[in-house]
Each structure stands twice: as structure tokens, then as C-alpha cells.
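> here you go, sequence then predicted model.
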Amino acid sequence: MGKARILVVEDEVLVGMEIQESLQKAGYDVPEVVMTSENFMPAIVKHKPDLVIMDINLNSFVDGVSAVQRMKILTSTPVLYLTAYRDEKTKERAMTTGPVDYLIKPISEEKLLEAVGDALTGLKAPV
């Protein structure tokens, strides 16, 4: 099995680039940082990621949770939310999509890589 492919969905350019760089440095394939929900599904089809790191607040008509709900119709790609939303209402709504984790920004590189590793390990078939 090759290195895991991760799609990052983040509307803040610098934050997205920082996440991408951290993941690539750790050995993951991060082909694109998607900035809008409108570009999310085409990126899913194009890259076929093993994991999606999704921001909730996107500069789009559709937020990250709604984008994931739409994605789940076509694929069971696991999602890790990385968001600034701390309120329970948003978290409860996001949890209805069955994410592998819900992390609050800002987050250290170490904590992000740990969460990604845990998410991907959960995807491996038993040996």
C-alpha cells in the first residue's frame, strides 16, 4: 500500500498550506487544498482520498458539514473535522455525519499528525 492520500478542505489559504505542508513532511500525499464546498466533490472524484480533513466554515453557500453529508451519498471516505467551532450545537450537527474526529483550531502539528495517524490506522484491515 502506498502513502495515504489526504484531501484538505480549508478556506483560509495560509492555514490550508500549513496543514498541507505538515502532512507532506510526515509522508502523506496531499494533492490539493480545496477552498470551497463547490470544488469539494470534484476533488473527491479526482483524487479519491483515504481521508478528508474538513473545515466547517467555508466561504461558500454550503458549509463543511453539508458538504460531507452530500459526499456520504457517493463515498464512505472518512472525515476528520478541523474547526474553530467550539459550540455543542455545531459539534452535534457535525457528529451526525460520522466523523473519525472533531478537532478544535488552533491545533499543534503534533496533535494533528496523531489524529490523522489514528484515523488512518482505524481504516486498516486486521492483519
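Cool, the structure landed.
> what about T90, distance to Y81?
Relative to Y81, T90 is positioned 9 Å away (C-beta to C-beta, to the nearest Å). For the C-beta atoms, the positions are set from N, CA and C on the backbone; glycine is no exception.
> give me the common contacts of those two.
Common neighbours of T90 and Y81 (criterion: C-beta atoms under 8 Å, 6 or more residues apart in numbering): I56.
> so the two - more neighbours on which side?
Between T90 and Y81, counted using other C-beta atoms under 10 Å, Y81 has the larger neighbour count: 25 against 19.
> need the three-state assignment for the nearest residue to that one once chain neighbours are set aside.
Once flanking residues are discounted, Y81 sits nearest to Y102: 4.7 Å by C-beta to C-beta, 6 or more residues apart in numbering. Under DSSP: H, G, I helix; E, B strand; the rest coil, Y102 falls in the strand class.
> tell me the contacts of Y102?
Taking C-beta under 8 Å, 6+ apart as the contact definition, Y102 lies against 80-81, 83, 91, 94-95.
> top of the residues you listed by number of neighbours, please.
Y81 (25 neighbours).
> right, and that one touches D101 too?
Yes: in this structure, Y81 is within contact of D101 by C-beta atoms under 8 Å, at 7.0 Å.
> distance of the residue nearest to Y81 from P42?
For Y102, the distance to P42 - C-beta to C-beta - is 25 Å.
> what do you get for V62?
The spacing between V62 and P42, counted by C-beta to C-beta, is 14 Å.
> neighbour count: those two, which is higher?
Ranked by neighbour count (other C-beta under 10 Å), V62 and P42 place V62 first, with 15 against 10.
> any idea how far the more buried one is from A115?
24 Å.
> remind me which helix or strand S66 belongs to.
Element membership for S66, per DSSP states H and E: helix 64-74.
> contacts for that helix?
By C-beta under 8 Å, 6+ apart, the list of residues contacting helix 64-74 from outside reads 9, 37, 40-41, 44, 52, 54-58, 60, 62, 77, 79, 81, 83, 90, 93-94, 96-99.
> switch the cut-off to 6 Å
Residues outside helix 64-74 that contact it (C-beta atoms under 6 Å, 6 or more residues apart in numbering): 37, 40, 44, 54-56, 58, 79, 93-94, 97.
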